[in-house]
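Asker: how does the following fold in three dimensions:
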Amino acid sequence: MGGFAVLWVFWGTVSLPDLIELCAVGGALVISVVVGLVAARWVRSVPADSGEQPPNWKIFWGSVVFEIVAGVAGISLLNYFGQARFALPWLALVVGIHFFGMGAAFHTSIHHWVGAAMCFVALVSLIWLPSGKPLGADAVKVTDLVVGIGCAVILWSFVLISSRNGAGR
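Answerer: Numbering: from 1, shown residues only. The predicted model follows:
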């Protein structure tokens, strides 16, 4: 999840000046490493739950296929219609929906919370998009910043909560 969090920060900061983007991505890498170390330590202290249901791999893979197909198809259509400015919120919405499938596959409620949070960030961020023409090439894309950093924070939180509580149920 730390790797995905870094990707979200990268995607969200693409419109920033290079040095600021590099610092943001570097900071995201550091945060991911720290979150990973903390999570690894916490997960060792969580007792094993012998009553866990095994994952439903059909739902899991269905969720992954949905995420890939909907993400690629949606972004392709947005690009085709000249609306690429909606790509990152669209991707966050698709990934959020995919987490609902993950919750069903792994029998955990935390995945549903993550999905709801990512969908919320995606939908709320659309309010900040300008209603007129797409942004200029040199403009900072506030919506992408909100979506990228918001989704990264959600994923880091997911890792910490899951590691602290076992499966985060």
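
Asker: tell me, what residue is most central in the protein?
Answerer: C151 (4.1 Å; C-alpha atoms, centre = their mean).

Asker: how many neighbours does the closest residue to that one other than its chain neighbours have?
Answerer: Spatial nearest neighbour of C151, chain neighbours left out: W8 (4.2 Å); criterion: C-beta to C-beta, 6 or more residues apart in numbering. (Glycine included, C-beta is placed from N, CA and C.) Using other C-beta atoms under 10 Å, W8 has 27 neighbouring residues.

Asker: so, low pLDDT: which residues of this structure?
Answerer: For the chain, the stretches with pLDDT under 70 are 46-51, 129-138, 166-169.

Asker: quick one, helices of it?
Answerer: 2-12, 18-44, 57-80, 87-106, 110-125, 142-164 (DSSP state H).

Asker: so which bits of the fifth one are buried?
Answerer: Looking back up the chat, that one is helix 110-125. For helix 110-125, the neighbour count (16 or more other C-beta atoms under 10 Å) marks I110, H111, W113, V114, G115, A116, A117, M118, C119, V121, A122, S125 as buried.

Asker: who's in contact with the fourth one?
Answerer: Read that as V114. Residues in contact with V114, defined by C-beta atoms under 8 Å, 6 or more residues apart in numbering, are G96, F99, I154, L155, F158.

Asker: my read: the first one touches H112, true?
Answerer: No. The pair formed by G96 and H112 falls short of the contact definition of C-beta atoms under 8 Å, at 10.1 Å.

Asker: can you give me the neighbour number for L78?
Answerer: Using other C-beta under 10 Å: L78 sits among 17 other residues.

Asker: so it sits against A84, correct?
Answerer: Yes. Look at L78 against A84 with C-beta under 8 Å: they come within range, at 5.6 Å.

Asker: now the contacts of V114 in JSON lines, with distance to P55 and neighbour count?
Answerer: Shown next, in JSON lines, are those (distance: C-beta to C-beta, whole Å; neighbours: other C-beta atoms under 10 Å):
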{"residue": "G96", "distance to P55": "20", "neighbour count": "22"}
{"residue": "F99", "distance to P55": "14", "neighbour count": "23"}
{"residue": "I154", "distance to P55": "22", "neighbour count": "24"}
{"residue": "L155", "distance to P55": "19", "neighbour count": "24"}
{"residue": "F158", "distance to P55": "17", "neighbour count": "23"}
